[in-house]
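# Output the structure for:
(chains A and B)
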Protein chains: 2
Amino acid sequence: MTRFGERDDWVRDLLAEAGDACLRDAGVPSDAVKHVYVSNMASGEFEGQTGVSNMLAHDLGMVGAYTQRVDQTSASGGAGIYAAWQSVASGASDMTLLVGGEKMTHRTTGEATDVIASLTHPVEYKHGVTLPSFAGLTARLYLDEYDAPRESLAAVAAKNHRNGVDNPHAQFRKEVSEQEILDSPIVADPLRLYDFCPITDGSAALLFCPESVAREYTDDYTVVSGVAGASDTHVVHERDDPTTMKGVADSADAAFEMAGRRPDDVDVAELHDMFTILEVLQLEALGFAEEGEGWRLAPDGVTERDGRLPVNTSGGLKSKGHPLGASGVAQAYELHRQLTDDAGDRQVDAAVGLACNVGGFGNCVTTTILETP
Amino acid sequence: MTRFGERDDWVRDLLAEAGDACLRDAGVPSDAVKHVYVSNMASGEFEGQTGVSNMLAHDLGMVGAYTQRVDQTSASGGAGIYAAWQSVASGASDMTLLVGGEKMTHRTTGEATDVIASLTHPVEYKHGVTLPSFAGLTARLYLDEYDAPRESLAAVAAKNHRNGVDNPHAQFRKEVSEQEILDSPIVADPLRLYDFCPITDGSAALLFCPESVAREYTDDYTVVSGVAGASDTHVVHERDDPTTMKGVADSADAAFEMAGRRPDDVDVAELHDMFTILEVLQLEALGFAEEGEGWRLAPDGVTERDGRLPVNTSGGLKSKGHPLGASGVAQAYELHRQLTDDAGDRQVDAAVGLACNVGGFGNCVTTTILETP
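Take a look at the predicted model:
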């Protein structure tokens, strides 16, 4: 993956940088690539450039390969993993390059927020409900419903910032104390600036192939043992309980079934902490905590690097950054590094990893389970 | 499929209209659908709405299903067919709904052309080269190189307009004579207004499932015997010969191999006649004519409905219209109607059909072969 942050490059450059690094790292020549998928939400809106998967094939010498862009809003990266997996599992391709990327920081926060909000249902968007405001409303409901302390959300952000310090690709490599988080400017009460992920440029890449082909190149591969996706109602206010992420639960159930695994088997997880409350809700929907108990895991140290279930060792979207189409791919990149003992100062002991990539407010979700061979 | 043309609906409405009609026609309940793919190039740019596949799942009562948008510029529909096929062939889904759609006519022709031109390489775009200008340059080169008469291109447009008259879903249901075409305003010399497809709103839908599942619902299904995609260099001026569509040839070779078919086996074809010259170039790249001989097929009557190889019985993009993300899906829709003897006044005798969907100027291509069971 590229360094995440403010980058003086266009999405085309970022995609090529990550894709090229991925091919070199794996020792796979560009002409071995049959399918090229680009996970990207909005290069047309952000920089007036479309056709980005064709451009990538051109830039990396893969002309002839089939190319396609995968969009599932902020879950585009996870959707790309699912698409790439399907391309191999269907026999259509024996070597698929997936590159996720987005270039956003040249636009104002207001412009970027508007592009992201265009994914919501018009009924909500027209009333001014953006994703951060959903997050504030849901956080308030959750804290009230389960009598959870506001500090528990700050603990999520503080943990992910600590992890980000040790990730050379992260946008923010600095610790932020719980008190600084609680004192940061209000964005959507009760959530404050440091409860939110930043706007980010960046790209990440993965190669998918049959296990027999992977072995020709390396022993350091990982296996996609489970991958599945699901949607939840697109009108968030129609949900029975906005604190229950049904799309997360449905996609996780299917991925666990495919992998023959249970939540207890997972050693490390990358969750979609676009907002701190989302990490808590995902911990519950994924079966890592009981309903109403997810808020306890960060304060109790369970999700720390030395805890029972390290979560967002990469720094998460919170400190690593969230270039929309790249994020789901970067989640699996971090799991791959952890599972192949290549995570440097962030290394944890792990053989089974889970990534959950969320679009909208859980409107669409993919869950991926990676394992050592 | 919906009626193509100027529609007083947003893309959301068009997708729902075609998707709903497809489910009803097949007798498939919405809760049987596992994956939902939307082929769409630019709803964000055209109307500020993204998240359209989630919206469709919501609108048609398919919440829970996995949803994703497939973009491969003007070949998004064909890419959607390939994605939907992979979803079934990989075992990820046993019932996949694919809906392609685009809403364009509320924008000016200049605005729409700019959105489409954003798919081209910046090197070319910055010099003012749009897709219509590529078409003009290539048409001039082709006519010169093979000493072909300008009238041969007009014959393509005249044929497709004749076919469109009998298609109730077509945007233009009127005959246009070769002389009217030759007398229409110049757009990109030597091509004139009636050599170009219009700007169109519309949507089309298909269901994909294993053959055993299809049989539970109907005898009137068709089989995807071959489907493949390929890219060509994204910088068109780098091609050795712009009149040779290598991406078309590569995707067709792979699709024919998968189907165990040859060009001679094809009874009916839907080609991507965004410009008249493209139908001629595809006839050659697909193996239906020798190099430099494709221009003869329309004047000689070979591609007429009563000819040896009827091409664009639907009216093609030329008279049916070209709502970007819908077109590739609508091509297969027409083949399905033809192969199931349900094409009304356009009916030809066919058991094997081929659809070729082209993005950019052949930058990305998918070829699909459909057959009767």
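# List the residue ranges of the stretch 51-200 of chain A that fall below the pLDDT cut-off.
Of all residues in the stretch 51-200 of chain A, none has pLDDT under 70.
# So which residues of it form helices?
Assigned by DSSP state H, counting those that start in this stretch, the helices in the stretch 51-200 of chain A fall at A:52-59, A:76-89, A:109-117, A:122-125, A:131-145, A:151-165, A:178-183.
# Work out the gap between the last one and the centre of the chain.
Computed by CA atoms, centre = their mean, to the nearest Å, the separation of helix A:178-183 from the middle of its chain amounts to 25 Å.
# With only the CA atoms kept, save it in PDB.
The C-alpha atoms that make up helix A:178-183 are tabulated as PDB, following Å, rounded to 0.1, in the frame of the first residue of the first chain:
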ATOM      1  CA  GLU A 178      -8.700  10.300  25.800                       C
ATOM      2  CA  GLN A 179      -8.900  13.800  27.300                       C
ATOM      3  CA  GLU A 180      -7.800  15.400  24.000                       C
ATOM      4  CA  ILE A 181     -10.500  13.500  22.200                       C
ATOM      5  CA  LEU A 182     -13.200  14.500  24.800                       C
ATOM      6  CA  ASP A 183     -12.000  18.100  24.500                       C
END
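# Alongside chain B, which residues does the stretch 201-350 of chain A contribute?
With CB under 8 Å from any CB of the partner chain as the criterion, the stretch 201-350 of chain A meets chain B at residues A:Ala228, A:Gly229, A:Ala230, A:Ser231, A:Asp232, A:Thr233, A:His234, A:Val235, A:Lys246, A:Gly247, A:Asp250, A:Ser251. All C-beta spots, glycine's among them, are computed from the backbone N, C-alpha and C.
# now, which of those residues lie within strands?
Cross-referencing these against strands under DSSP state E gives A:Ala228, A:Gly229, A:Ala230, A:Ser231.
# Pick the one among the residues you listed closest to A:Trp295.
Using CB to CB, A:Ala230 is the member of those that sits closest to A:Trp295, with 23.9 Å.
# bridging residues for that closest one?
With DSSP bridges applied, A:Ala230 shows beta-bridge pairing to A:Val365.
# you'd agree A:Val88 is up against A:Leu97?
No - with contact defined as CB atoms under 8 Å, A:Val88 does not reach A:Leu97; the gap is 11.5 Å.
# the more surrounded of those two?
Each of A:Val88 and A:Leu97 has its neighbours counted (other CB atoms under 10 Å in any protein chain shown); A:Leu97 has more, 32 against 22.
# Beta-bridge partners for the more buried one, please?
Following DSSP bridges, A:Leu97 is listed with bridge partners A:Val36, A:Leu207.
# For it, give me its contacts.
By CB atoms under 8 Å, 6 or more residues apart in numbering or on different chains, A:Leu97 lies in contact with A:Gly19, A:Cys22, A:Leu23, A:Val33, A:His35, A:Val36, A:Tyr37, A:Met62, A:Ala65, A:Ala205, A:Leu206, A:Leu207.
# any idea which of these is the one closest to chain B?
A:Ala65 (5.9 Å; CB to the nearest CB).
# Tell me how many other residues crowd A:Glu6.
By other CB under 10 Å, 15 other residues sit near A:Glu6.
# Run through the residues that contact the nearest residue in space to it that is not next to it in sequence.
Leaving aside its sequence neighbours, A:Glu6 sits nearest to A:Thr105 (CB to CB, 6 or more residues apart in numbering or on different chains; 4.6 Å). Residues near A:Thr105 by CB under 8 Å, 6+ apart: A:Gly5, A:Glu6, A:Arg7, A:Ile199, A:Thr200, A:Asp201.
# just to revisit the earlier point, out of the helices of the stretch 51-200 of chain A, flag the one nearest B:Pro242.
Using CB to CB, the nearest of the helices of the stretch 51-200 of chain A to B:Pro242 is helix A:52-59, at 15.4 Å.
# Next, work out how far apart the residue most central in space within chain A and chain B are.
Central residue check for chain A by CA atoms, centre = their mean: the C-alpha nearest the mean position is that of A:Gly328, 3.3 Å away. A:Gly328 sits 12 Å away from chain B, taking CB to the nearest CB, to the nearest Å as the criterion.
# Just name the closest of the contacts of A:Leu97 to B:Ala148, please.
Looking across these and measuring by CB to CB, the closest to B:Ala148 is A:Ala65, at 32.3 Å.
# Most remote residue from the middle of chain A, which is it?
Distance from the C-alpha centroid of chain A peaks at A:Gly64, with 29.6 Å (CA atoms, centre = their mean).
# can the contacts of A:Leu97 go into CSV with extra columns for neighbour count?
Below are the contacts of A:Leu97 laid out as CSV (neighbours: other CB atoms under 10 Å in any protein chain shown):
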residue, neighbour count
A:Gly19, 29
A:Cys22, 22
A:Leu23, 21
A:Val33, 25
A:His35, 27
A:Val36, 29
A:Tyr37, 30
A:Met62, 24
A:Ala65, 27
A:Ala205, 30
A:Leu206, 27
A:Leu207, 23
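# re earlier: B:Ser231 is in contact with the residue farthest from the centre of chain A, correct?
Yes - with contact defined as CB under 8 Å, A:Gly64 reaches B:Ser231; the gap is 6.2 Å.
# okay, and the common contacts of those two?
The contact sets of A:Gly64 and B:Ser231 overlap at A:Ala57, B:Gly247 (CB under 8 Å, 6+ apart).
# related to what we said a few turns ago, dump the ones in strands among the residues of the stretch 201-350 of chain A next to chain B to JSON lines, plus neighbour count, pLDDT and distance to B:Ala75.
Below are those laid out as JSON lines (neighbours: other CB atoms under 10 Å in any protein chain shown; pLDDT from 0 to 100; distance: CB to CB, whole Å):
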{"residue": "A:Ala228", "neighbour count": "24", "pLDDT": "98", "distance to B:Ala75": "27"}
{"residue": "A:Gly229", "neighbour count": "30", "pLDDT": "98", "distance to B:Ala75": "23"}
{"residue": "A:Ala230", "neighbour count": "26", "pLDDT": "98", "distance to B:Ala75": "28"}
{"residue": "A:Ser231", "neighbour count": "30", "pLDDT": "97", "distance to B:Ala75": "25"}
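# Of these, which is the nearest to chain B?
A:Gly229 (3.7 Å).
# how far out from the middle of the chain is stretch A:248-257?
Per CA atoms, centre = their mean, the displacement of stretch A:248-257 from the mean C-alpha position of its chain is 16 Å.
# my bad, should have said stretch A:147-159
In terms of CA atoms, centre = their mean, the centre of stretch A:147-159 is set 20 Å apart from its chain centre.
# buried stuff in it?
Neighbour counts over stretch A:147-159 (16 or more other CB atoms under 10 Å in any protein chain shown) mark A:Ala148, A:Arg150, A:Ser152, A:Leu153, A:Ala154, A:Ala155, A:Val156, A:Ala157, A:Ala158, A:Lys159 as buried.
# Would you confirm that the third one contacts A:Arg296?
What that stands for is A:Ser152. Yes - taking CB under 8 Å as the definition, A:Ser152 is a contact partner of A:Arg296 at 7.0 Å.
# quick one: A:Pro299 and A:Ala155 touch, right?
Yes - A:Pro299 is within contact range of A:Ala155, at 4.6 Å (criterion: CB under 8 Å).
# Mutual contacts of those two, please.
Common contacts of A:Pro299 and A:Ala155 (CB under 8 Å, 6+ apart): none found.
# coming back round to it: list the residues that contact the residue farthest from the centre of chain A.
Residues in contact with A:Gly64 (CB under 8 Å, 6+ apart) are A:Asp31, A:Ala57, B:Ala230, B:Ser231, B:Asp232, B:Lys246, B:Gly247, B:Asp250.
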